[in-house]
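Participant: Got a sequence here, can you build the structure:
(chains A and B)
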2 protein chains.
Amino acid sequence: MFMDQQQLFVKMALLSWDSAFKSTNKTLQNLSDEQLMKEVAPGRNTGIYLVGHLVAIHDNMFPLLDLGQRTYESLDQAFISNPDKSGFEMPAPQKLREYWNHVHERLRGELVQLGPAQWFEKHTLVSDDAFEREPHRNKLNVLLSRTSHMAYHGGQLALIK
Amino acid sequence: MFMDQQQLFVKMALLSWDSAFKSTNKTLQNLSDEQLMKEVAPGRNTGIYLVGHLVAIHDNMFPLLDLGQRTYESLDQAFISNPDKSGFEMPAPQKLREYWNHVHERLRGELVQLGPAQWFEKHTLVSDDAFEREPHRNKLNVLLSRTSHMAYHGGQLALIK
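Facilitator: Predicted structure coming up:
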């Protein structure tokens, strides 16, 4: 009974992630490469910056969830450590779409294999001591937090015309 | 141990909701009434429409979670059933800010009182039969889904200059 609820909660968190991904992915597919170069609103981030930012952040979930090494660490300079229009080189939109597909296929493959107990383990950036005091800082919490983050930027991407 | 984990998911889902609320609330507080009347991006929804939309959707969580009656049903026509700029009367920004504060204070008071077992009960829009087949359609799932929805529109509100 309680095990069932644990599995249920994992399922709910994964469904919530999938829903944010599907919505953002659909928005991305409906935008041309030319549209991606536009700002989401005057003076704000470009579409391509937001896509690169999400790819880099989601790529970083592999080490955070102890699922292996990153693939796209080189994106961090242009898409995480610095704001848009800082002059760092960005991949072409077509390349970034490939990275987008790859990182989400790889994530999907890994996330569905994590067992309920593993989801409640600490993520790799929290110490044993801190985790003992704050047991909510587990892998599932990373998923919840990344889901909100993707929805936040997904809502912005949807504004490009 | 299992009871602890059940409490832990509820805590994680509530923290995730709180985080989306705090971020959106801060954005709203930093916008003047005049800024709220602007579109978030050219030809897109106005700030006031998004705020009214979130108030109406969150007010509707009371009956959905079986927590009592709604307060702001009259907002649905302008903010849920119809798109922005449909010509329906909207409350003044100051009024809407009061509603915003009231609905979130009331929600906070109710949500922290729901026990872990109650969160896994069906919400009021799912039938007993459907709930038996799809036990993830519970009250906690409503909270996860509304959290992503708030983050999505919160990201848009943050674009107003």
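
Participant: Could you pull up the residues touching the residue nearest the centre of chain A?
Facilitator: Centroid-nearest residue in chain A, with C-alpha atoms, centre = their mean: A:His58, separated by 3.3 Å. By C-beta atoms under 8 Å, 6 or more residues apart in numbering or on different chains, the contact set of A:His58 is A:Val103, A:His104, A:Leu107, A:Arg146, A:Met150. Every C-beta, even on glycine, is put in place using the N, C-alpha and C of the backbone.

Participant: which outside residues touch the helix or strand A:Glu132 falls within?
Facilitator: Assigned by DSSP states H and E, A:Glu132 falls within helix A:128-133. The contact list for helix A:128-133 (C-beta under 8 Å, 6+ apart) reads A:Lys122, A:Arg137, A:Asn138.

Participant: give me that answer again for 10 Å
Facilitator: By C-beta atoms under 10 Å, 6 or more residues apart in numbering or on different chains, the residues outside helix A:128-133 that reach it are A:Glu121, A:Lys122, A:His123, A:Val126, A:Ser127, A:Arg137, A:Asn138.

Participant: Nearest to chain B among those?
Facilitator: A:Asn138 (7.9 Å; C-beta to the nearest C-beta).

Participant: Need the phi and psi values for that closest one.
Facilitator: In terms of degrees, to the nearest 10, the main-chain angles of A:Asn138 are phi -110, psi -180.

Participant: List the buried residues of the host helix or strand of A:Thr27.
Facilitator: According to DSSP H and E, A:Thr27 maps onto helix A:2-29. Neighbour counts using 16 or more other C-beta atoms under 10 Å in any protein chain shown place A:5-6, A:8-10, A:12-14, A:16-17, A:19-21, A:23-25, A:27-28 of helix A:2-29 among the buried residues.

Participant: Stretch A:33-52 too?
Facilitator: Quick answer for stretch A:33-52 (16+ other C-beta under 10 Å): A:36, A:39-41, A:44-52.

Participant: Can you narrow those down to the ones near chain B?
Facilitator: A:Glu39, A:Val40, A:Ala41, A:Arg44, A:Asn45, A:Leu50 (C-beta under 10 Å from any C-beta of the partner chain).

Participant: close enough to count as contact, A:Leu63 and A:Gln69?
Facilitator: Leu isn't right for residue A:63; it's Pro. Yes - contact status for A:Pro63 versus A:Gln69: in contact at 6.6 Å, counting by C-beta atoms under 10 Å.

Participant: the more surrounded of those two?
Facilitator: Each of A:Pro63 and A:Gln69 has its neighbours counted (other C-beta atoms under 10 Å in any protein chain shown); A:Pro63 has more, 15 against 8.

Participant: That one and chain B, how far apart?
Facilitator: In this view, A:Pro63 and chain B are 21 Å apart by C-beta to the nearest C-beta, to the nearest Å.

Participant: elements contacting the helix or strand harbouring that residue?
Facilitator: Counting by DSSP H and E, the element that carries A:Pro63 is helix A:61-64. Applying 3 or more C-beta pairs under 10 Å, 6 or more residues apart in numbering or on different chains; DSSP states H and E, one finds that helix A:61-64 contacts helix A:93-111, helix A:139-157.

Participant: out of those, which comes closest to chain B?
Facilitator: helix A:139-157 (3.7 Å).

Participant: Does the closest one reach chain B?
Facilitator: Yes - using C-beta under 10 Å from any C-beta, helix A:139-157 comes into contact with chain B via A:140-141, A:143-145, A:147-157.

Participant: Separate out the buried members of these.
Facilitator: A:140-141, A:143-144, A:147-157.

Participant: Count residues in the vicinity of A:Leu64, would you?
Facilitator: 16.

Participant: quick revisit: what pLDDT, on average, does the helix or strand just after the helix holding A:Pro63 get?
Facilitator: Downstream of helix A:61-64, the first helix or strand assigned by DSSP H and E is helix A:76-79. The average of the pLDDT scores along helix A:76-79 is 98.

Participant: Output the contacting helices and strands for helix A:76-79.
Facilitator: Using 3+ C-beta pairs under 10 Å, 6+ apart: helix A:76-79 touches helix A:47-59.

Participant: and the angle for the helix it packs on with helix A:2-29?
Facilitator: Here the directions of helix A:47-59 and helix A:2-29 differ by 160 degrees (axes from the mean of the first three to the mean of the last three C-alpha atoms, to 10 degrees).

Participant: pLDDT averaged over helix A:47-59, what's the number?
Facilitator: pLDDT averaged over helix A:47-59 gives 98.

Participant: neighbours of the closest residue to A:Leu75 other than its chain neighbours, just the number please.
Facilitator: Once flanking residues are discounted, A:Leu75 sits nearest to A:Ala56: 4.2 Å by C-beta to C-beta, 6 or more residues apart in numbering or on different chains. By other C-beta under 10 Å, the residues close to A:Ala56 number 22.

Participant: my guess is A:Ala56 contacts A:Met90, does it?
Facilitator: No - judged on C-beta under 10 Å, A:Ala56 makes no contact with A:Met90 at a distance of 11.1 Å.
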